[in-house]
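S.K.: Show me how the following folds:
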Amino acid sequence: MKFSPLTFADYPRLKPFFAHQPHRLCAYALPSVLAWTTHAYQPHGRIRGDILLVSCEFVDDPDNRHLLLPLSASGARLGPEALAKIAMAEGFRRYRFVPQDYIEAWGRTAVEALFTVRAQPDYDDYIYRTEDLAELKGNRYAKKRNLIHQFERDCLSKGRVAVEPIDDSRIAACLDFLERWCVERRCDANPDEDLACEKQACINTLTHIAQIDVRGLLVRVDGKVCAFAIASPLTAEMGTLQYEKAAADIKGLYQYLDSQCARRLFDGLAYINKESDMGIAGLAKAKQSYYPLMKVKSHTLELR
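M.R.: Below you'll find the model as predicted:
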């Protein structure tokens, strides 16, 4: 049985393999796996017994193809020897987005006996306590609270703000805002860069939001969508804030959105994964300013 392209229509049959998946990198959120489909990239998959294999295929760069760690419907984890056998049998040289936890669990010596291990620092994920982002307590969050107070004074207290869930009736308004947001940041300057690919992934998610297990909210100011965010399930204790966009010209809006996301989209979850900074200095600075609890390091494993 060969690998076949994965689409949102596959969501119901793939969902059981992600129900107990243990990895804390956002690459293992099923909505994200399916959303990152572009002109240059397509996720593929196949089921071997009770194991799901997900491959990442590149139209113009076939040498970059790779696997994610296999996922079992039972939540069982495969050791390095099993990974090596699968890769060789399926014709792959490497796994990408392998969390540090996996290497530590099996031991670096055992992993390096079969694979060359390389760090992927641009794709290390930032992890936060949900309570910290919801409450913003303590001196270190004073600037964030001040910005939220300014937004509340200038907009919220004057009845200019509405916070709404994202559903089918609000998708078009979110897409319009996404386009404005991306024009300001020149997302489409290079269609192969991360920002352009993320834009397409966000469009894919919004247009299929009724089919998948994600939660979203938007913020209107004076009746116009000026911010939105979408969260996906990841592990039993953690969700991922897959997308978070806010107009830069409204002071305090981003900080208000972030706090609302923690309160409304992650209730019942102890941790929030705010994904990686993709090597973008400004994005890294913004993520650090919220004082992450930790970063989950990402690695590539290449067969020796």
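S.K.: Leaving out chain neighbours, which residue sits closest to Gly252?
M.R.: Nearest non-adjacent residue to Gly252, counting by C-beta to C-beta, 6 or more residues apart in numbering: Phe151, 3.0 Å away. C-betas here are computed from N, CA, C, even on glycine.
S.K.: What separation do you get for that neighbour and Lys251?
M.R.: Distance of Phe151 to Lys251, computed by C-beta to C-beta, to the nearest Å: 6 Å.
S.K.: Of those two, which one has the most company?
M.R.: Set Phe151 next to Lys251 and count neighbours by other C-beta atoms under 10 Å: Phe151 wins out with 22 against 14.
S.K.: element containing the more buried one?
M.R.: Here Phe151 sits within helix 142-154, counting by DSSP states H and E.
S.K.: so who does the residue nearest to Gly252 touch?
M.R.: Contacts for Phe151 (C-beta atoms under 8 Å, 6 or more residues apart in numbering) come out as Ile250, Lys251, Gly252, Leu253, Gln255, Tyr256.
S.K.: switch to 6 Å and redo it
M.R.: Applying C-beta atoms under 6 Å, 6 or more residues apart in numbering to Phe151 gives the contacts Gly252, Leu253, Tyr256.
S.K.: same thing with His44?
M.R.: With contacts defined as C-beta under 6 Å, 6+ apart, His44 is in contact with Phe3, Pro5, Ser55, Glu57.
S.K.: The helix holding Phe151: which residues count as buried?
M.R.: Lys144, Arg145, Leu147, Ile148, Gln150, Phe151, Asp154 (16 or more other C-beta atoms under 10 Å).
S.K.: my guess is the fifth one meets Gly252, correct?
M.R.: Right, the one you point to is Gln150. Yes - using C-beta atoms under 6 Å, Gln150 is in contact with Gly252, at 4.6 Å.
S.K.: Assign the residue nearest to Ile166 when sequence neighbours are not counted to helix, strand or coil.
M.R.: Nearest residue to Ile166, sequence neighbours excluded (C-beta to C-beta, 6+ apart): Gly216, at 3.3 Å. Taking DSSP: H, G, I helix; E, B strand; the rest coil as the rule, one finds Gly216 in the strand state.
S.K.: Please report the distance of Gly216 from Pro31.
M.R.: Between Gly216 and Pro31 the computed distance is 11 Å (C-beta to C-beta).
S.K.: low pLDDT regions in the chain?
M.R.: The chain contains residues with pLDDT under 70 at 1.
S.K.: and the nearest residue to Leu30 once chain neighbours are set aside, how many neighbours?
M.R.: Closest residue in space to Leu30, ignoring its immediate chain neighbours: Phe18 at 4.4 Å, by C-beta to C-beta, 6+ apart. Neighbourhood size, Phe18 [other C-beta under 10 Å]: 22.
S.K.: and what of the one 4 residues further on?
M.R.: For Pro22, the neighbour count with other C-beta under 10 Å is 18.
S.K.: separation between it and His39?
M.R.: 33 Å.
S.K.: same check, this time on Thr109
M.R.: 41 Å.
S.K.: thinking Arg31 is in contact with Pro233, fair?
M.R.: Quick fix: residue 31 is Pro, not Arg. No - using C-beta under 6 Å, Pro31 makes no contact with Pro233, being 8.1 Å away.
S.K.: okay, those two: which has more neighbours?
M.R.: Using other C-beta under 10 Å, the more surrounded residue of Pro31 and Pro233 is Pro31, with 26 against 20.
S.K.: Look up the closest residue to the more buried one, ignoring the ones flanking it.
M.R.: Ser232 (4.4 Å).
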